[in-house]
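This is the structure alone, sequence omitted:
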């Protein structure tokens, strides 16, 4: 299957919303977003079976948006006394993308 190129906006929702924009592609029903280069390595964000979370925008051609929640186990959270607590966390994202011709 050939991949479909796209541009995207990914906003991590929380106390301080953080927005990332860039390029990516769709391959085998997976949404693959390039977040940039960190420590000399490409960082990618992948959503498997993205059609469960992201839908076409009515009256916009080739534009999609939606929300995605990722779950992580045993995340280290700093506490006030300088130690760390271990918790399961969830992170919510708002995603918009446009397929390129």
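Looks like it came in fine. What you see is a predicted model; the values in this text were computed from it and never measured.

gap between the two ends of stretch 8-23?
Using Cα to Cα, to the nearest Å, one end of stretch 8-23 lies 6 Å from the other.

buried sites along it?
8, 10-11, 20 (16 or more other Cβ atoms under 10 Å). Just so you know, the C-beta spots here come from the backbone N, C-alpha and C atoms, and that holds for glycine as well.

Could I get those residues in TSV, plus columns for pLDDT and secondary structure?
What follows is the buried residues of stretch 8-23, written out as TSV (pLDDT from 0 to 100; DSSP: H, G, I helix; E, B strand; the rest coil):
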residue	pLDDT	secondary structure
8	96	strand
10	95	strand
11	95	strand
20	92	strand
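
In contact with residue 84, which residues?
Neighbouring residues of residue 84 by Cβ atoms under 8 Å, 6 or more residues apart in numbering: 76-78.

For this structure, list the residue farthest from the centre, please.
residue 81 (32.1 Å; Cα atoms, centre = their mean).

Residues touching the helix or strand hosting residue 35, excluding its own?
Per DSSP states H and E: residue 35 is located in strand 30-38. Strand 30-38 has contacts (Cβ under 8 Å, 6+ apart) with 8, 10, 20, 22-26, 42-50, 54, 95, 97.

Buried ones among those residues?
Counted by 16+ other Cβ under 10 Å, those give 8, 10, 20, 24-26, 45, 47, 50, 54, 95, 97 as buried.

Nearest to residue 67 among those residues?
Within the buried ones among the contacts of strand 30-38, the smallest distance to residue 67 is 7.3 Å, found for residue 95 (Cβ to Cβ).

picking that back up, any chance of a markdown table for the buried residues of stretch 8-23, columns distance to residue 30?
Listed next are the buried residues of stretch 8-23 as a markdown table, based on distance: Cβ to Cβ, whole Å:
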| residue | distance to residue 30 |
| --- | --- |
| 8 | 13 |
| 10 | 15 |
| 11 | 20 |
| 20 | 18 |
